[in-house]
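Visitor: Got a predicted structure here, sequence first:
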Amino acid sequence: MKNLLQFLARYSNFLIFLILEVVAFILIATSHQYQHSAIWSSANRIVAGLDNITTTVGDYFQLKKDNQLLIEENAWLKNQLTRQANQLEKYVEIDSLYQYSHLDVEYIPAKVIGLTTHKHHNYLTINKGQRDSIEVDMGVICHDGVVGIVSAVSEKYSLVVPLIHTEMHTSCRLKKNDYIGRTQWRGIDYKKVELKDISRHVDVAQGDSVVTSGLTSVFPGGILVGTVESCELTDGDNYYHITMRPTTDYRKLKYVQVIRNHVTYAEEEP
């Protein structure tokens, strides 16, 4: 108490001055319409500026959650589109016999928590596993195209073999003419994958899109795999030497979707 009284006595003049200034400010603000509007306008600008800063900071820390929600929403929308498409039964030709086919596809969102791109046997680790209905041999894609295939699964995590793995081969086709080939990686540049088994009589050129063939249950047909960068044909060769650039940039990969794909075929039509 003694220290407080000493403080008030020492700064009494300044405190009285400050109180009078506040009183004068209030009187001016309440008795004159123009000053009242100007003061409140300035106060609103200051408060709005502080609110904007607070919102911006909050949005920044919310980005991670928002990204996860967008990934899950995207997967949900794909699942809805697939269910609608499955309501329409179509004929497909299998071994020259027409049979009914039903394709049931579910997309499970996941996050990449580990990956390599500089080894001959590269792998990705994702944060979904058996408890999320992930199984071995399921296809994995991202918004740019094919990523790889699940090779091992634990309770909470899964290991994915990407296109940039020397033992990974994916059935694909040239989009413009449906000619079937397969991918192969030589283990050198993660941005270059070979397209094999394209015969010399096929029309192929730089810039052609390569998509999944749909011949296996791993990937539905038509998903982007890469773009042709170069195609060479020398005398005596029966097949092109084709290099393509994968549409997936593995070093920027953060989120993926695992394809839970069930294919059933009905009995042959009489």
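Guide: Great, that's in hand.
Visitor: Contact partners for the closest residue in space to T234 that isn't next to it in sequence?
Guide: The shortest distance from T234 to any residue other than its chain neighbours is 7.9 Å, reached at H241 (Cβ to Cβ, 6 or more residues apart in numbering). Every residue, glycine included, has its C-beta placed from N, CA and C. The neighbours of H241, taking Cβ atoms under 8 Å, 6 or more residues apart in numbering as the test, are E194, C231, E232, L233, T234.
Visitor: and what of N122?
Guide: L115, T116, V161, P162, I164, H165, Y190, Y250.
Visitor: Could you check how far I188 is from G214?
Guide: According to Cβ to Cβ, to the nearest Å, I188 and G214 sit 29 Å apart.
Visitor: more neighbours, those two?
Guide: G214 (17 against 10; other Cβ atoms under 10 Å).
Visitor: doesn't P220 make contact with the more buried one?
Guide: Yes - under the criterion of Cβ atoms under 8 Å, G214 makes contact with P220 at 6.0 Å.
Visitor: if we can go back for a sec, for the contacts of N122, name the two members farthest from one another.
Guide: Within the contacts of N122, V161 and Y190 form the most distant pair, 13.8 Å apart (Cβ to Cβ).
Visitor: in stretch 181-200, what's buried?
Guide: For stretch 181-200, the neighbour count (16 or more other Cβ atoms under 10 Å) marks G181, T183, Q184, W185, Y190, K191, K192, V193, E194, L195, D197, I198 as buried.
Visitor: Among these, which ones are in strands?
Guide: Counting by DSSP state E, the part of the buried residues of stretch 181-200 found in strands is G181, T183, Q184, V193, E194, L195.
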